[in-house]
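A.B. asks: pasting the structure only:
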């Protein structure tokens with residue numbers, strides 16, 4: 001028992017950055033000792049299996065130990081950081097279950113499973129809980145007719161001016177034939193829905209919840225142009241003869257072939273264009289800004305544009321990768337994302353609590369499970385139908 005407690009204490013000291021050189025050496029020795037493999041697995045289960053989504057396994061534990069020892073033997077720049085949060089993120093990526101650890105505020109919280117305790121989240125009745133969003137959208141054809149894509153099967157959905165629209169592998173694919181005419185479609189994702197499609201030129205597009213894209217079923221001879229709202233990720237097919245343009249209100253993103261994400265929700269303070277691969281030129285009235293991979297252009301409501309070189313791409317792409325990913329996010333930023341994904345309206349009963357959140361949570365959890373994690377930062381909620389109330393302490 002004492003050895004287990006000592007092992008656990010050394011693990012906690014390493015996470016917090018408070019471990020001594022002697023303690024680090026002792027922890028490494030313990031990790032190398034097969035006698036401790038069962039103890040280590042038990043500690044992982046106790047401290048990481050919080051929301052009963054994925055169970056740890058011997059293989060996952062083995063992989064975790066291997067990667068952990070590598071990090072301890074070869075410390076990265078993040079281990080010299082003043083904050084243990086960075087270490088924690090890197091640790092977190094080694095785990096199989098992406099929802100079982102969450103960092104809150106200035107401290108690191110390991111959520112332990114409490115089988116005999118009811119969740120803190122208050123609900124008037126069980127049916128008030130909300131399932132996570134899912135794949136689905138509404139497609140508006142050129143003639144104005146609409147197709148709800150949530151449950152339609154694979155196969156041909158429409159033929160518009162010699163361009164076919166088919167559902168394949170959970171998304172839409174446009175295929176322009178000879179003589180195809182330029183007509184426009186719009187795909188809209190309501191709250192609690194997301195979708196992806198492939199345009200007629202091969203460009204791949206993913207829509208987050210509460211988003212839309214208006215696009216030609218077949219592109220014109222000299223350019224490719226689409227318009228979006230909300231949040232959309234693009235992997236643009238290369239074609240030097242046809243520049244690709246994304247219209248976002250009065251801003252234009254010009255590309256040839258590249259991967260980038262645009263967050264243009266009306267309730268966010270800025271329109272953020274983040275480049276992952278290639279290059280894009282952003283134009284807004286007389287302004288022109290060329291982005292390099294890893295950079296983000298932040299456009300204010302006033303029209304001012306600033307370029308951020310220090311972008312956390314994991315945070316930007318969290319939604320597409322099935323995660324809520326927060327980095328120094330305040331409560332309002334967090335709940336705006338939950339509002340879109342769980343189709344709830346947020347009501348603050350008594351002001352907005354000042355909280356900071358860092359970490360990641362899977363997007364396939366029920367709303368009550370997510371709120372249970374957030375409550376570790378001393379904020380309380382009540383679900384009433386489609387209303388999420390932030391309760392006073």
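C.D. replies: Okay, I see it. Source: prediction; values computed, not measured. Numbering: from 1, shown residues only.
A.B. asks: Can you pull out the low-pLDDT segments for this structure?
C.D. replies: For the chain, residues meeting the criterion pLDDT under 70 lie at 1-5, 8, 11-18, 32-127, 393.
A.B. asks: longest strand of it?
C.D. replies: Criterion DSSP state E: the longest strand present in the chain is strand 224-235.
A.B. asks: which secondary structure elements does that strand contact?
C.D. replies: Using 3 or more CB pairs under 8 Å, 6 or more residues apart in numbering; DSSP states H and E, the elements in contact with strand 224-235 are strand 204-207, strand 211-216, strand 244-248, strand 259-264. For glycine as for every other residue, the C-beta is placed from the backbone atoms N, C-alpha and C.
A.B. asks: Of all those, which one is nearest residue 31?
C.D. replies: strand 259-264 (38.0 Å; CB to CB).
A.B. asks: picking up where we left off before, could the helices and strands packed on strand 224-235 go into a markdown table alongside mean neighbour count and distance to residue 345?
C.D. replies: Formatted as a markdown table, those follow (neighbours: other CB atoms under 10 Å; distance: least, CB to CB, whole Å):
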| stretch | mean neighbour count | distance to residue 345 |
| --- | --- | --- |
| strand 204-207 | 21 | 21 |
| strand 211-216 | 22 | 18 |
| strand 244-248 | 20 | 25 |
| strand 259-264 | 21 | 21 |
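A.B. asks: can I get these in CSV with distance to residue 334?
C.D. replies: Shown next, in CSV, are these (distance: least, CB to CB, whole Å):
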stretch, distance to residue 334
strand 204-207, 21
strand 211-216, 19
strand 244-248, 24
strand 259-264, 15
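A.B. asks: Residue 142: which of the ones you listed is closest?
C.D. replies: Across the helices and strands packed on strand 224-235, closest to residue 142 is strand 211-216 (CB to CB), at 9.3 Å.
A.B. asks: How about residues contacting the closest one?
C.D. replies: 182-189, 194, 197, 199-200, 205, 207, 224-232 (CB atoms under 8 Å, 6 or more residues apart in numbering).
A.B. asks: tilt between it and strand 244-248?
C.D. replies: Computed by axes from the mean of the first three to the mean of the last three CA atoms, to 10 degrees, the angle separating strand 211-216 from strand 244-248 equals 140 degrees.
A.B. asks: Just checking: what are the partner strands of strand 211-216?
C.D. replies: strand 184-189 (antiparallel), strand 224-235 (antiparallel) (DSSP bridges).
A.B. asks: Could you tell me which residues within the longest one count as buried?
C.D. replies: If I follow you right, that is strand 224-235. Buried residues in strand 224-235, counted by 16 or more other CB atoms under 10 Å: 224-235.
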